[in-house]
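S.K.: Prediction below, plus the sequence it came from.
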Amino acid sequence: IVLLRFNKIYMSEFRELGLNQDIVRGVENLGFESPTPIQKKVIPLLLDTDQDVVALAQTGTGKTAAFGLPLINKLDMSSKTCQALVLSPTRELGLQIAKDFENYGKFIKDFRVAAVYGGSSIDKQIRDIKRGVSVIVATPGRLVDLIKRRAVKLDAINYVVLDEADEMLNMGFKADLDF
Ligand code: AMP
């Protein structure tokens, strides 16, 4: 009984931020008990508006969920076209983000994510994308290649996230980001 009561309290904290029930289930399933400070600030703002947001917080403060949860909440799952791009400076971070997103969206029907990055078969990545994904997580150079090959079409993209934008600039991705 005590556990159930706790679950209720935790659930309502994420739901109070305005997230839908399926996403709250995903978050709950991960064992997140209450939103972190960056999540409390950013999630209601992103759910409420379509304005651009710059959020700054240290690594390990829950930034991935801060942008990931409202982003997934806003996607139209009835569409098979990719609606959101998440850019990451490294393959490792990109894979981590994609895995986190899959967990957040575990209880959402037809929610699919693809991670694409250099140093790995582009043909396989194109096949993955063609099967239909809602979100693509990409390193900048590989995304440019995929756009040039028309495997990623920008006209249906509604949201773009630059994760660790400062790091992407430090790593020399400015030309790719400008493109
Ligand atoms: P991040 O800053 O996104 O890399 O997250 C750091 C770690 O905190 C990851 O292992 C997340 O799974 C975890 N995390 C994120 N948000 C929460 C939360 N609200 N409660 C507990 N853990 C969380």
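M.R.: Good, I have the coordinates.
S.K.: list the contacts for the residue nearest the centre of the chain?
M.R.: Centroid-nearest residue in the chain: G68, 3.9 Å away (criterion: CA atoms, centre = their mean). Contact analysis of G68 by CB atoms under 8 Å, 6 or more residues apart in numbering lists 97, 100-101, 104. In short, each C-beta sits where N, CA and C put it, glycine included.
S.K.: Same check on D123?
M.R.: Residues counted as contacts of D123 (CB under 8 Å, 6+ apart): none.
S.K.: Next one: it from F111, what distance?
M.R.: From D123 across to F111, the span is 24 Å (CB to CB, to the nearest Å).
S.K.: before we move on, back to that, nearest to V42, of the contacts of G68?
M.R.: Y104 (14.4 Å; CB to CB).
S.K.: With adjacent residues omitted, what lies nearest to the closest one?
M.R.: G26 (4.6 Å; CB to CB, 6 or more residues apart in numbering).
S.K.: does that neighbour really touch F101, like I thought?
M.R.: No: assessed by CB atoms under 8 Å, G26 is found out of contact with F101, at 9.6 Å.
S.K.: so where is this protein shaky, pLDDT-wise?
M.R.: Scanning the chain for pLDDT under 70 picks out 1-12.
S.K.: Which positions in it make contact with the ligand?
M.R.: 32-33, 35-36, 39, 59-65 (CB under 6 Å from any ligand atom).
S.K.: ok now do the closest residue to N158 other than its chain neighbours, which residues does it touch?
M.R.: Excluding its sequence neighbours, the residue lying closest to N158 (CB to CB, 6+ apart) is Q83, at 5.1 Å. Q83 is in contact with 75-76, 134-135, 156-159, counting by CB under 8 Å, 6+ apart.
S.K.: try 7 Å this time
M.R.: Contacts for Q83 (CB atoms under 7 Å, 6 or more residues apart in numbering) come out as 75-76, 134, 156-159.
S.K.: element containing V86?
M.R.: Using DSSP states H and E, V86 maps to strand 84-87.
S.K.: Residues touching the helix or strand that that strand is followed by, excluding its own?
M.R.: The helix or strand immediately downstream of strand 84-87 is helix 91-104, counting by DSSP H and E. For helix 91-104, contacts defined as CB under 7 Å, 6+ apart pick out 23, 26-27, 30, 64-65, 68-69, 72, 86, 88, 113, 115, 117, 119, 135, 137-139, 163-164.
S.K.: Run the angle between the host helix or strand of the residue nearest to the centre of the chain and helix 91-104 for me.
M.R.: Taking DSSP H and E as the criterion, G68 maps to helix 63-74. Following axes from the mean of the first three to the mean of the last three CA atoms, to 10 degrees, one obtains 50 degrees for the angle between helix 63-74 and helix 91-104.
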